[in-house]
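> Need coordinates for the below:
(2 chains)
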Amino acid sequence: MTFDPFRPALLPIMLLASLMPMIAACQMDSRQQVLATSNTQAAQRAISTRSFDTGDQPRVFQATIAALQDLGFVVDRADAVLGTVSATRYGGNLIRLTVSLRQISPRQTVVRASGQINQVALSDPEPFQRFFEALSQALYLAANPIE
Amino acid sequence: MRVTGLVCFALTIVLGGAGCAPQGERHAAALGPTESITNLRAIQSRRFDTVNTRLLLQASIGVLQDMGYTVTESREEFGVVVGSKATPVPVRVQIVIRRLPEQAASIARATFQFPMPPQMAGFMPETRTDVQLYREFFEKLSQSVFLTAHDI
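Here you go, the predicted model:
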């Protein structure tokens, strides 16, 4: 008796067998998507974080919202206690940003931005630079890179 | 003829019964555990030897930002941070931080969900339970705790 993979009785089994690697690949890809980081965690923080010489967190918080508005974003939610703002900009691209801020000393506040353009994480330094320029202007303070 | 009729009747009862559990049972199952609760809790939790829950919450926000998530909720009073990410299969994650009573430690618990079914036949919204996903996530969270504690 010869082996005929197209024998009707074998078809469902062959179909299932051919789908197994695809299912495994999907599982792997989805894990990478869930946990994906475009740069190393430390490198990504270096390009997306600046410190400002003020310990006045409410002032930095307000300036963050003003800077986002200047750049055409609308705030989705803001939490002054933990210091996070999430905002969206519509247009040619859908851009979502989250800005977090932390007072690290009586005279220093650290601000970090992160986000997605369409379905891709922002990993290029330039958009962050633009955001921090806008924030710098709103605060009348220089944006210092973190060490 | 009579026997055949009886068999058919019995089959109808058995098959119908199997497909249709009593309503009370079905509703109870709706809130029942989806996985062994202790097993799932172990996979989704990590202990951190600190009582600084604010640091852990800020590190949680940090790791969400590292992974390109948008923070959609953050409430210090409840120790909760929620984020979502628009990937081809949208995903969201909740992190809850709580202090362990009478110990100098806290627990971080994370839950990843795919709330929206992608355009794939037979795919249902689900909570992720695979061990490797949570292991890798907690490695990133630990790194974030370290970086946040060093003001990076």
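> tally of neighbours for the nearest residue to residue A:132 once chain neighbours are set aside?
The shortest distance from residue A:132 to any non-neighbouring residue, by C-beta to C-beta, 6 or more residues apart in numbering or on different chains, is to residue A:143 (4.2 Å). Any C-beta I mention is one placed from the backbone N, CA and C, and that applies to glycine too. By the other C-beta atoms under 10 Å in any protein chain shown criterion, the neighbourhood of residue A:143 contains 20 residues.
> Can you name the residues that contact residue A:146?
Contact partners of residue A:146, counting by C-beta atoms under 8 Å, 6 or more residues apart in numbering or on different chains, are A:45-46, A:49-51, A:110, B:151-152.
> Quick one: residues contacting the residue nearest to residue A:132.
Residues A:50-52, A:111, A:132-133, A:135-136 are the ones in contact with residue A:143 under the rule C-beta under 8 Å, 6+ apart.
> before we move on, what about residue A:133?
Taking C-beta under 8 Å, 6+ apart as the definition of contact, the neighbours of residue A:133 are residue A:143.
> that older thread, ok, of the contacts of residue A:146, which one's closest to residue B:92?
residue A:45 (22.5 Å; C-beta to C-beta).
> Please identify which helix or strand holds the closest one.
For residue A:45, the element it lies in under DSSP states H and E is helix A:41-48.
> average pLDDT across that helix?
For helix A:41-48, mean pLDDT rounds to 91.
> where's the helix or strand following it relative to the chain centroid, distance-wise?
Counting by DSSP H and E, the next helix or strand C-terminal to helix A:41-48 is strand A:49-52. Remark: strand A:49-52 is offset 17 Å from the chain centroid, using C-alpha atoms, centre = their mean, to the nearest Å.
> which helices and strands sit right next to whichever helix or strand comes after strand A:49-52?
Using DSSP H and E, the helix or strand that follows strand A:49-52 in sequence is helix A:57-70. Helices and strands in packing contact with helix A:57-70 are listed as strand A:74-79, strand A:84-89, strand A:95-105, strand A:108-117, helix A:125-139; criterion 3 or more C-beta pairs under 8 Å, 6 or more residues apart in numbering or on different chains; DSSP states H and E.
> Briefly note if the second one comes near chain B.
Translated: strand A:84-89. Yes - interface with chain B: strand A:84-89 contributes A:84, A:86 (C-beta under 8 Å from any C-beta of the partner chain).
> Kindly report the same for the third one.
Yes - Strand A:95-105 comes into contact with chain B (C-beta under 8 Å from any C-beta), by way of A:96-98, A:100, A:102, A:104.
> So, low pLDDT: which residues of chain A?
Within chain A, the segments meeting pLDDT under 70 span A:1-29.
> So which residues on it come close to chain B?
Remark: the part of chain A in contact with chain B comprises A:27, A:30-31, A:33-38, A:41-42, A:44-46, A:48-49, A:76-77, A:79, A:81-82, A:84, A:86, A:94, A:96-98, A:100, A:102, A:104, A:110, A:112, A:114-116, A:118-119, A:121-122, A:146, using C-beta under 8 Å from any C-beta.
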